[in-house]
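Chemist: Predicted coordinates and the sequence they were generated for:
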Amino acid sequence: MRHAVLFDLDGVLLDSRNAHLATLTGYAMSTLGRRITIADLPADAATASRDQVLAALGLNGEVDEAAWDAATATAGLHTKLFPFTVGTLTALRESGVATGLVTLRSRRRVEWLLPTDVLDLLDIVVCFEDTTPKPAPDGLLLALDQLGAAPQAAVFVGDTTVDIRAARAANVRAVGAGWGYAEADALVRAGADLVLPRACDLASTLLLLVGNGQPADYAKRS
């Protein structure tokens, strides 16, 4: 049986919190024609949907995707990979574990944000336009089908309640990334099997999860 570890992008492999907030403010500023700062965003802007945040700012119509792309491209200059990202993906691949990305980003935006050498470490990338997006399980199931891995042989690492709900719906073990956008308690309430407060030795932990079960030193937080 082939084993697989799937990841969300933002907040899990990519440190993009500031860029995400900058995208929201940049788009709102250009659309409304007045100054908008990060302080003007709702308190849950980092985890709420794009439409919810924009509606809170008074933008209720259809999003101008070209303008959103421009804001994303500019703000994306301030994103960076987490220090563990390349090492974790490399270690999984070297151990024969398939790797994949399931994200709400479009494919074009993923290619803006991830260097080619990182994309090459992912066996499959499933984007927003490829299937019904999270929290539906379709993206995870599509990735696993392409990888030839069964849900019970897979782990999905996500940092939002949407990610956890998608994993649960796909019958994939849900691992919460405590270093990401949502609070650990929220991930537990959403149904995470495990929440890692830090990414210390992440590759070894994930290898244990897909191979030998849950490691004893990472108890589920509640």
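Modeler: Cool, the structure landed.
Chemist: so residue 99 bridges to which residues?
Modeler: Bridge pairing for residue 99 (DSSP bridges) gives the partners residue 5.
Chemist: Count residues in the vicinity of it, would you?
Modeler: 21 (other Cβ atoms under 10 Å). C-beta here means a position set from N, CA and C on the backbone, and glycine is covered the same way.
Chemist: you'd agree it is up against residue 86?
Modeler: No: when contacts are counted by Cβ atoms under 8 Å, residue 99 is not listed as touching residue 86 (11.6 Å).
Chemist: which parts of stretch 10-22 are buried?
Modeler: 10-17, 19-22 (16 or more other Cβ atoms under 10 Å).
Chemist: for these, which one is nearest residue 77?
Modeler: Distance to residue 77 across these (Cβ to Cβ) is lowest for residue 19, with 7.8 Å.
Chemist: In terms of helices and strands, where is that closest one?
Modeler: helix 17-32 (DSSP states H and E).
Chemist: What helices and strands are in contact with the next helix or strand after that helix?
Modeler: Going down the chain from helix 17-32, the next helix or strand is helix 50-56, by DSSP H and E. Judged by 3 or more Cβ pairs under 8 Å, 6 or more residues apart in numbering; DSSP states H and E, the packing partners of helix 50-56 are helix 17-32.
Chemist: Just the C-alpha atoms of the helix it packs on, please, in CSV.
Modeler: C-alpha atoms of helix 17-32 as CSV (Å, rounded to 0.1, in the frame of the first residue of the first chain):
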residue,chain,number,x,y,z
ARG,A,17,-0.2,35.6,6.7
ASN,A,18,1.1,39.1,6.2
ALA,A,19,0.8,38.7,2.4
HIS,A,20,-2.8,37.5,2.7
LEU,A,21,-3.8,40.5,4.7
ALA,A,22,-1.9,42.8,2.4
THR,A,23,-3.8,41.3,-0.6
LEU,A,24,-7.1,42.0,1.1
THR,A,25,-6.2,45.5,1.9
GLY,A,26,-4.6,46.2,-1.5
TYR,A,27,-7.7,44.9,-3.3
ALA,A,28,-10.1,46.8,-1.1
MET,A,29,-8.1,50.0,-1.4
SER,A,30,-8.0,49.9,-5.2
THR,A,31,-11.7,49.0,-5.5
LEU,A,32,-13.1,51.4,-2.9
